[in-house]
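# Next one to model:
(2 chains)
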Amino acid sequence: METILAFVIGGLVAMGIYMVLRRSIVKLIFGLLLLGQAANLLIFTAAGLTRANAPLIKEGTEALQTPYADPLPQALVLTAIVISFGVLAFAMVLMHRAYETIHTDDLDELKGAVQ
Amino acid sequence: MNIWLIAPILIPLATAIVLLLCGSRIAIQRVISVVGALALLVAGVFLLSEVWQHGVQAVQIGNWAAPFGITIVADLLSAIMILVTGFVGVSVALYALANIDGRREKFGFYAFYHFLLMGVCGAFLTGDLFNLYVWFEVMLMASFVLLALGGERAQMGGAVKYVTLNLLSSLLFLMAIGILYGKVGTLNMADLAVKLGDTGQSDLVMTSAMMLLIAFGIKAGLFPLFFWLPASYHTPPIAVSAVFAGLLTKVGVYALIRVFTLIFTQDVGYTHTIILVLSGFTMVTGVLGAAAQFEIRRILSFHIISQIGYMTMGLALLTPAALAASVFYLFHHIIVKTNLFLIGGVVEHLKGSSQLKKIGSLYRDYPLLAFLFLIPALSLGGIPPLSGFFAKFALVKAGLAIEEFAIIAVALAVGILTLYSMTKIWAEAFWKTDPSETRQTTPVIKPIPVLLLLPVVLMATATVLIGLSPHPLFEITLEAADQLLNKTAYIEAVLGK
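The predicted structure is shown next:
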């Protein structure tokens, strides 16, 4: 499973970087989105995949039943998803506004706008 | 529980929330904004005195014991940074009253300004790597809004670049955190220091270390990752530029210092040599970039980069004296650089432009402003008896002690080139006659608004005071460096004995 996910993450990163390097603003956002997903999956995979019990102490017992899944990476991923959602929503509005002001979605033409 | 540890986060948060509740009542917002910034400064003073008297302080949020919960921890480095953040916060809050136009005020400028301060303070105080990421995002979100607020054409172009590169750096940071967690199983910085400290397997940790170096390097503006900085810092209103220039890149430097003194010290010969080389290139490229520019804010933006090199140089040398010099440099630089941007804003206000070719006669018409410019400008160049001299002197002395002659040569040469850029601004903007003047017209002398001048005077006074008696600050920074290098105090404060 880890091997498959490693390839998925690698693919996502490659696609993300390819998209970020394109000249279109829309593709830039897609690229950031893909990279964000790759990062989330990476945390999830690197922390170890477990197919076992939930990390809850059952009634009447004192300790966790091994093997149990590590809840922390899931909390981390959840936080990261929320943050990247907010940031990307902002980025989309910003890019839209930039498009309205500069009348182009070509990043190369931004150069002239900054002067 | 120690209230002064969380006050620097709670005060800006409360201020920002109250500001949002005020809606469009701008007059009240202006008062609250300044009061909130003052409160932050006071909290900074108390925090520093607390940490100075009782050593490293830590608070476990929600009473979850250390490696599991979120830790807020302040050592002297954090406390110094909070104090200077408060000082910059007050100065820029005052300056913003006269500099930010009504439209931006109505769209919540002050609220986002305080959210930004909250993010910066949170990043300085957290003791957890993932929490640091969250504070970076808080800070970035606020900075995105401040940068784009107003929606001018140039701002949009700058904001797109700034947002993209900062998002990439955050993603790298996140990936590094994921990999590190996979290897070590903890993200609490003190716990990481304990678990990684005695492994001796540096190769396993190196991937995370290098990814963090790149992520923080982008934020700090290290060579060759700084291109977003001069492309965006000159576009927003000057109050925003000034607070970005003073604080945001320094959060990156702070994160580098924290991570590469506390966590990644397994293979110093490898990591810190890389940082040393990067520092040298950062200094040189920054200062050469500045030499080619003819607009005040762009020159100053490139100088931020070159000065970042000095701060990471102290980190790279990793002796107590060098680290102390680094912290001293951080403190001095934040004040001086913010001040230079603020003065650039006054020039823009008086002359309507900051293109050096178009302006002039400032020395003849505004001698006080010229004097106030000279203080931070000469301090940046390292002229005694101003703060910059002692910062550079301490760095060079620390370098000489361990015979790193190459980097010292670079640092000194860059110092001279910095002075060249400052003399360029002086000669063009202050000394030469305004090219738009003709013999017949009498020059118009506008009054300088008090709110624009007051922060500049405050910061110039601080620069002179540090220069005249650098001893107390040296004492504090030496102690801070000692805490950074002997990790036990930090670790014991967080994890208990």
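
# got any ranges where the stretch 201-350 of chain B has weak pLDDT?
B:201-202, B:204 (pLDDT under 70).

# in chain A, which ranges drop under the pLDDT threshold?
Segments of chain A classed as low confidence (criterion: pLDDT under 70) are A:111-115.

# Kindly recompute the last result at 90.
For chain A, the stretches with pLDDT under 90 are A:1-3, A:20-29, A:43-76, A:84-88, A:90-115.

# and residue B:416, what does it touch?
For residue B:416, the residues meeting the contact criterion (C-beta atoms under 8 Å, 6 or more residues apart in numbering or on different chains) are residue B:381. All C-beta atoms are positioned from the backbone trio N, CA, C, and that covers glycine.

# how near is it to residue B:410?
The span separating residue B:416 from residue B:410 equals 11 Å under the rule C-beta to C-beta, to the nearest Å.

# For residue A:22, pull up the helix or strand it's in.
Applying DSSP states H and E as the criterion places residue A:22 outside every helix and strand.

# contacting residues around residue B:390?
Shown in contact with residue B:390 (C-beta under 8 Å, 6+ apart): B:328, B:332, B:384, B:466-467, B:470, B:474.

# For chain A, just list every one of the helices.
Taking DSSP state H as the criterion, chain A carries its helices at A:2-20, A:25-46, A:71-102, A:110-114.

# What parts of chain A come near chain B?
Residues of chain A lying close to chain B by C-beta under 8 Å from any C-beta of the partner chain are A:20, A:25, A:28, A:32, A:35-36, A:38-40, A:42-48, A:72-73, A:76, A:79-80, A:83, A:86-87, A:90-91, A:94-95, A:97-98, A:101-102, A:107, A:110-111, A:113-115.

# follow-up on the earlier one: give the buried subset of the contacts of residue B:390 as a ChimeraX selection command.
With 16 or more other C-beta atoms under 10 Å in any protein chain shown as the criterion, this ChimeraX line picks the buried residues out of the contacts of residue B:390:
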select /B:328,332,466,467,470,474
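
# okay, and the common contacts of residue B:416 and residue B:410?
By C-beta under 8 Å, 6+ apart, residue B:416 and residue B:410 have no common neighbours.

# How many neighbouring residues does residue 97 have?
Went with chain A since none was named. Other residues within reach of residue A:97, judged by other C-beta atoms under 10 Å in any protein chain shown, total 16.

# oops, I was thinking of chain B
19.

# That one reaches residue B:449, doesn't it?
No. The pair formed by residue B:97 and residue B:449 falls short of the contact definition of C-beta atoms under 8 Å, at 9.1 Å.

# What is the neighbour count of residue B:357?
Residue B:357, neighbours per other C-beta under 10 Å, totals 11.

# Look at it and report its pLDDT.
Residue B:357 carries a pLDDT value of 81.

# ok, which residues in chain B are in contact with chain A?
Those residues of chain B that sit near chain A, judged by C-beta under 8 Å from any C-beta, are B:130, B:133-134, B:137, B:140-141, B:144-145, B:148, B:151-154, B:156-161, B:163-164, B:167-168, B:170-171, B:174-175, B:177-179, B:181-183, B:231, B:235.

# Any of those residues buried? List them.
When those are checked for burial by 16+ other C-beta under 10 Å, the buried set is B:130, B:133-134, B:137, B:140-141, B:144-145, B:148, B:151-152, B:154, B:156-161, B:163-164, B:167-168, B:170-171, B:174-175, B:177-179, B:181-183, B:231, B:235.

# Mind checking which of these land in helices?
For these, secondary structure assignment (DSSP H) places B:130, B:133-134, B:137, B:140-141, B:144-145, B:148, B:154, B:156-161, B:163-164, B:167-168, B:170-171, B:174-175, B:177-179, B:181-183, B:231 in helices.

# ok, residue B:117 - contacts?
Remark: with contacts taken as C-beta under 8 Å, 6+ apart, residue B:117 is in contact with B:12, B:37, B:40, B:85, B:89.

# how about a cut-off of 6 Å?
B:12, B:89 (C-beta atoms under 6 Å, 6 or more residues apart in numbering or on different chains).

# which one of the contacts of residue B:390 is nearest chain A?
Ranked by distance to chain A (C-beta to the nearest C-beta), the contacts of residue B:390 are led by residue B:332 at 30.4 Å.

# Tell me which helix or strand that closest one sits in.
Take DSSP H and E as the rule and residue B:332 turns out to sit in helix B:320-351.

# Next SSE downstream of that helix?
Per DSSP H and E, helix B:320-351 leads on to helix B:362-365 as the next helix or strand towards the C-terminus.

# which residues are in contact with that following helix?
For helix B:362-365, using C-beta under 6 Å, 6+ apart, the contacting residues are B:370, B:429-431, B:443, B:445.

# ChimeraX command for the buried members of those residues?
Listed next is the ChimeraX selection for buried residues among the contacts of helix B:362-365, using 16+ other C-beta under 10 Å:
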select /B:370,429,430
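
# quick one: residue B:332 from residue B:418, how far?
Using C-beta to C-beta, residue B:332 is found at 13 Å from residue B:418.

# ok so, going back, now, of the helices of chain A, which is deepest in the fold?
Looking across the helices of chain A with neighbours counted as mean count of other C-beta atoms under 10 Å in any protein chain shown, the highest average goes to helix A:25-46: a mean of 21.

# and the angle from that one to helix A:71-102?
Per axes from the mean of the first three to the mean of the last three C-alpha atoms, to 10 degrees, the angle that helix A:25-46 makes with helix A:71-102 is 170 degrees.

# Which elements pack onto helix A:25-46?
Taking 3 or more C-beta pairs under 6 Å, 6 or more residues apart in numbering or on different chains; DSSP states H and E as the contact definition, the neighbouring helices and strands of helix A:25-46 are helix A:2-20, helix A:71-102, helix B:153-184.
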